[in-house]
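Enquirer: Fold the following.
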Amino acid sequence: YDSGRDGYIDLMELKLMMEKLGAPQTHLGLKNMIKEVDEDFDGKLSFREFLLIFHKAAAGELEEDSGLLTLAKLSEIDVSIEGVKGAKNFFEAKAQALSSASKFEAEIRAEQDERKREEEERKHRRAAFRELKSAFTQ
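Expert: Below you'll find the model as predicted:
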């Protein structure tokens, strides 16, 4: 939901998130949601503050009519219903994200492998040429 890709969820991004979750909030409600967990008072949610929502929900520290409690409930996964299949998908997605993050390294490795293959091919052609050459020089 961090459409600005700045590492924070601001008011408009939170608004969009809540609408997509099917629990739209008023402008004032959204501000109160942020204010409830905004530790550094910057008016937006950092990753730590976002996780704090779920910590407070688990501890029962959120108001019943709080948008944050709604967010926590809508984002909750019941493993007894979902099973571990969801975890498998999560970890596969995480591994894919990590591998795509190292895409540059993979490209470098691919180039190095290609150079090694070309060098081996060159050596093989030279050896074949020497064999043919020796057949003509005898």
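Enquirer: how much space is there between A72 and E131?
Expert: 73 Å (CB to CB, to the nearest Å). The C-beta positions use only the backbone N, C-alpha and C, and glycine is treated the same way.
Enquirer: Which one of the two is surrounded by more residues?
Expert: A72 (17 against 9; other CB atoms under 10 Å).
Enquirer: How is the protein partitioned into domains?
Expert: Residue ranges for the domains of the chain, per the TED database: 6-72, 82-137.
Enquirer: Run through the protein and note the low-pLDDT ranges.
Expert: Applying pLDDT under 70 to the chain picks out residues 74-91, 93-104, 138.
Enquirer: switch the cut-off to 80
Expert: 1-2, 21, 23, 58-60, 62-108, 137-138 (pLDDT under 80).
Enquirer: Where do the helices of it begin and end?
Expert: 11-20, 27-37, 47-59, 67-75, 79-82, 85-101, 103-137 (DSSP state H).
Enquirer: Please identify which of these is closest to S3.
Expert: helix 11-20 (5.8 Å; CB to CB).
Enquirer: Need the contact partners of the closest one.
Expert: 1-4, 9, 24-25, 27, 30-31, 33-34, 43-45, 67, 70-71 (CB atoms under 8 Å, 6 or more residues apart in numbering).
Enquirer: same thing but 10 Å
Expert: With CB atoms under 10 Å, 6 or more residues apart in numbering as the test, helix 11-20 has contacts from 1-4, 6, 9, 23-27, 29-31, 33-34, 43-45, 50, 67, 70-71, 74-75.
Enquirer: how much space between G4 and E114?
Expert: With CB to CB as the criterion, G4 and E114 are 38 Å apart.
Enquirer: With E39 instead?
Expert: Applying CB to CB to E39 and E114 gives a distance of 50 Å.
Enquirer: and the nearest residue to D42 once chain neighbours are set aside, how many neighbours?
Expert: Distances taken as CB to CB, 6 or more residues apart in numbering place Y8 nearest to D42, at 7.7 Å, with adjacent residues excluded. Residues near Y8, counting by other CB under 10 Å, number 16.
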